[in-house]
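Asker: Just the structure for this:
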Amino acid sequence: MSIKNQAAIRDTFDELVRKGILITHSAHEGDILYADNPVEKMHDTFRDYHLWKEAVRDFFLSINNEKGALYFLEADNVPFLKGGLEYSYIESKESQQLLKNIRTAATERLAYLRSVEKVIPKKPSLKSDNSIYKITCIKPKDGGNKFLMVVNDDYQNPIMGDRAKPTWSSLYEIATKGYALYQKKVLDYLNSNKNNRLYTQTRLPISTIVRQEGSELCPAIQIDSISEKAYVQRKNKT
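Answerer: You can find the predicted model right below:
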């Protein structure tokens, strides 16, 4: 299997897992009451669940996993069609039961999807001297705002970041938590601004470093964090 195909399979798998998780959240019958338009959100979640099932089934077929494809083809407690005035009110018994059924079914099917991860190829390294493929943030021992960033494992030439500024605060949060609150200006600066120090100090071309996932800003490359002690050890080895 080519590296390109491995990456595509892994990307598809990760995206399907992410969508499944979002559906389990969207179908929470208590939380949905606080949505701007609960009934519309219920209908959207119902649609998204069935589209997700079809997408996962097609994914299994694409990797020649007939057992998985058949499992996602099976009917469950979520009807394929619905209608009637009883679904016009989010508080109705029918609407609440539908949401519960979606959440239960999505949770069970998501668990099945995750169970096959061991046979899904890991995303191959895209290391290249011509792009940013990895950013490591160094957690300051004193807990202050200033911290170092290492690009592409170049420990001899760290770049200074400052959590007092939104861009670097968000990047640090992604490195330590895996995500940050989505801010368009942060995404644009990291991905598109040629004056960004990640590009000016490394002389590497503009890259897609982060991406939006709903209300969150998530890594588009490898972004992680290490302690100052680990940083010093790695620096001394290079």
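Asker: starting at the chain centroid, how far to the helix or strand bottoming out on mean pLDDT in the chain?
Answerer: Counting by mean pLDDT, DSSP states H and E, the chain has its least confident helix or strand at helix 3-26, which shows a mean of 86. The chain centroid and the centroid of helix 3-26 are separated by 8 Å, computed with Cα atoms, centre = their mean, to the nearest Å.
Asker: contact partners of the next helix-or-strand element following it?
Answerer: Of the helices and strands lying after helix 3-26 in sequence (DSSP states H and E), the nearest is helix 38-62. Where contact means Cβ atoms under 8 Å, 6 or more residues apart in numbering, the residues beyond helix 38-62 that reach it are 9, 12-13, 16, 19-20, 22-23, 26-27, 32, 35, 66-69, 72-73, 78, 80, 82, 87-90, 95, 98-99, 102, 105-106, 109, 113. In short, each C-beta sits where N, CA and C put it, glycine included.
Asker: Please indicate which of those are buried?
Answerer: Neighbour counting with 16 or more other Cβ atoms under 10 Å marks 9, 12-13, 16, 19-20, 22-23, 26-27, 32, 68-69, 72, 78, 87, 90, 95, 98-99, 102, 105-106, 109, 113 as buried within the contacts of helix 38-62.
Asker: okay but residue 95 is in contact with residue 86, surely?
Answerer: Yes. Judged on Cβ atoms under 8 Å, residue 95 makes contact with residue 86 at a distance of 7.0 Å.
Asker: Which stretches in this protein count as strands?
Answerer: Under the criterion DSSP state E, strands of the chain are mapped to 134-139, 146-151, 159-162, 180-181, 210-213, 216-219, 222-227.
Asker: Quickly compare those strands and say which is most buried.
Answerer: The highest average neighbour count among the strands of the chain, using mean count of other Cβ atoms under 10 Å, belongs to strand 134-139 at a mean of 21.
Asker: same for that strand, what does it pack against?
Answerer: Identification of packing neighbours for strand 134-139 by 3 or more Cβ pairs under 8 Å, 6 or more residues apart in numbering; DSSP states H and E yields strand 146-151, helix 166-177, strand 222-227, helix 228-237.
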